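Asks: this is the structure alone, sequence omitted:
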Ligand SMILES: Nc1nc2c(ncn2[C@@H]2O[C@H](COP(=O)(O)OP(=O)(O)OP(=O)(O)O)[C@@H](O)[C@H]2O)c(=O)[nH]1
């Protein structure tokens, strides 16, 4: 369900992108640098053996690298859905089926997960050997990573390089592609060796976007997942967009336990009602799970309480907007931001909230919906 409020937020975000595009040139994000990178990638496509198109698993369609449509031969094109740890696992399964039905080779990975990267490396090595066998050449295999900004190309290149080279003689000579939470950080095409026998190199390339983007929803999803700079649309509106998605999801229901723990703690503090077993359980929880730090738990508890105590109608625009604003003001306390209702404080809350969302500490979300096959559509 997409509420009217969410639609309005999406429209605002889309308009913000277009406004920036209008005021700073036809396509503000499409810098000369991005145009040059697009040309350089297009020139290399016929020369490389495989093209790994890295997409964000939360938006498998919206993160498609659309510029090279006809240039990517299906036999050499592999789609990699990266950041699976941030997406809804049940949806990922459906997306894998979707790509399978389209006969597009597709893999899901978390670039920071060793096992995932090993599996990807094994597949790439198998493909490389197959290619060498069929072409009867003893050549070096090159694989180019392409994709929109911030989908994790450099992180993946580094992980493949580290895992592929860890047992090789060159151990200790590891190179690093630049990884950053900011989009368009990679400026040049760089090459990293990921395997020997056969020799395989990956080319990490700068993130690219199409010169023009007119679709509000596409712009909003790219902005929320970090492919566009937050400053283009503004952190506040982006955080509202996240809260709208969050409120319509069931993610908050998992956090009831944080609310219960807080109540127990309050009763301990107020009534001197010592509960040693609870204290012990809490200590263990905080010590063993790095995501369970106090602020994250406070934020989860706050969001749980805001949504579960909401007695308005989620389909009513006014109620829904009010809920988002209430969440914003409640989150100030959770994030330890001074309670004065000024713009700067709101932006700090928004930035912190987006950071938690983007590092997966506020649950798993899939923002794209799987297209309905044509056969089910009325003509
Ligand atoms: N949770 C999670 N974060 C990831 C994953 N892969 C990359 N990241 C993070 O995503 C951010 C962007 O990663 P990069 O590797 O710099 O992305 P890129 O596609 O090379 O970015 P550009 O330079 O803009 O082209 C960094 O903060 C990474 O740590 C993943 O699988 N899971």
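Replies: On my side now, so go ahead. Computed from a prediction, not measured in an experiment: that's the story for all the values here.
Asks: shaky segments in the stretch 51-200 of the chain?
Replies: Judged against pLDDT under 70, the low-scoring parts of the stretch 51-200 of the chain cover residues 136, 165-174.
Asks: show me what residue of it gets nearest to the ligand.
Replies: Ranking the residues of the stretch 51-200 of the chain by distance to the ligand (Cβ to the nearest ligand atom) places residue 152 first, at 2.9 Å. Where C-beta positions appear, they are placed from N, C-alpha and C, glycine not excepted.
Asks: contact partners for the closest residue to that residue other than its chain neighbours?
Replies: Sequence neighbours aside, residue 82 is the residue nearest to residue 152 in space, at 4.2 Å (criterion: Cβ to Cβ, 6 or more residues apart in numbering). Applying Cβ atoms under 8 Å, 6 or more residues apart in numbering, we find residue 82 in contact with 54, 55, 56, 57, 109, 110, 111, 151, 152, 155, 156.
Asks: give me the buried entries from these.
Replies: With neighbours counted by 16 or more other Cβ atoms under 10 Å, those contain buried members at 54, 55, 56, 57, 109, 110, 111, 151, 152, 155, 156.
Asks: pretty sure the second one contacts residue 77?
Replies: No. With the criterion set as Cβ atoms under 8 Å, residue 55 and residue 77 do not qualify as a contacting pair; they are 12.0 Å apart.
Asks: quick check, nearest of the contacts of residue 82 to residue 13?
Replies: Distance to residue 13, by Cβ to Cβ, is smallest for residue 56 among the contacts of residue 82, at 16.8 Å.
Asks: is it true that the closest one touches residue 84?
Replies: No. Here residue 56 does not reach residue 84: they are 9.7 Å apart, not a contact under Cβ under 8 Å.
Asks: list, one by one, the residues from the stretch 51-200 of the chain near the ligand.
Replies: 82-83, 85-86, 110-112, 147, 149-155, 179-181, 183-186 (Cβ under 6 Å from any ligand atom).
Asks: so the nearest residue in space to residue 357 that is not next to it in sequence is in which element?
Replies: Of all residues beyond its chain neighbours, the one nearest residue 357 is residue 242 (5.3 Å), with distances taken as Cβ to Cβ, 6+ apart. With elements delineated by DSSP states H and E, residue 242 resides in helix 235-248, which encompasses its position.
Asks: any residues touching that helix, and which ones?
Replies: Contacts with helix 235-248, where a contact means Cβ under 8 Å, 6+ apart, come from 1-3, 5-6, 9-10, 12-13, 16, 220, 223-224, 230, 252, 303, 307, 314, 320, 323-324, 327-328, 346-347, 349-351, 353-354, 357, 362-363, 365, 367.
Asks: now do the spatially closest residue to residue 156 that is not a sequence neighbour against residue 87, distance only.
Replies: By the measure of Cβ to Cβ, 6+ apart, the closest residue to residue 156 outside its immediate chain neighbours is residue 111, 4.3 Å from it. Separation of residue 111 from residue 87 (Cβ to Cβ, to the nearest Å) stands at 13 Å.
Asks: please apply the same query to residue 195.
Replies: For residue 195, the distance to residue 87 (Cβ to Cβ) stands at 28 Å.
Asks: when these two are compared, which one has more neighbours?
Replies: For the pair residue 195 and residue 87, the greater number of neighbours falls to residue 87 (25 against 22), based on other Cβ atoms under 10 Å.
Asks: surely the more buried one and residue 364 touch.
Replies: Yes. In this structure, residue 87 is within contact of residue 364 by Cβ under 8 Å, at 5.8 Å.
Asks: which element is the residue of the stretch 201-350 of the chain found nearest the ligand on?
Replies: Taking Cβ to the nearest ligand atom as the measure, the stretch 201-350 of the chain has residue 207 as its residue closest to the ligand, at 2.7 Å. Under the assignment given by DSSP H and E, residue 207 is not contained in any helix or strand.
Asks: output the contacting helices and strands for the strand or helix carrying residue 124.
Replies: With elements taken from DSSP H and E, the one containing residue 124 is helix 114-135. When contacts are defined as 3 or more Cβ pairs under 8 Å, 6 or more residues apart in numbering; DSSP states H and E, helix 114-135 packs onto strand 50-56, strand 105-108, strand 141-146, helix 153-165, strand 190-195, strand 200-204.
Asks: check contacts around residue 355.
Replies: When the contact criterion is Cβ under 8 Å, 6+ apart, residue 355 has no partners at all.
Asks: am I right that it sits in a helix?
Replies: Yes. The assignment for residue 355 (DSSP: H, G, I helix; E, B strand; the rest coil) places it in a helix.
Asks: okay, angle between the helix holding residue 124 and helix 153-165 too, please.
Replies: Per axes from the mean of the first three to the mean of the last three Cα atoms, to 10 degrees, the angle that helix 114-135 makes with helix 153-165 is 80 degrees.
Asks: who touches helix 114-135?
Replies: Counting by Cβ under 8 Å, 6+ apart, residues outside helix 114-135 touching it are 49-50, 78, 80, 84, 107-111, 138-139, 141, 143, 156, 159-160, 163-164, 194-195, 198, 200.
Asks: are any of the residues you listed buried, and which?
Replies: Taking 16+ other Cβ under 10 Å as the criterion, what is buried in the contacts of helix 114-135 is 49-50, 78, 80, 84, 107-111, 141, 143, 156, 159-160, 163-164, 194-195, 200.
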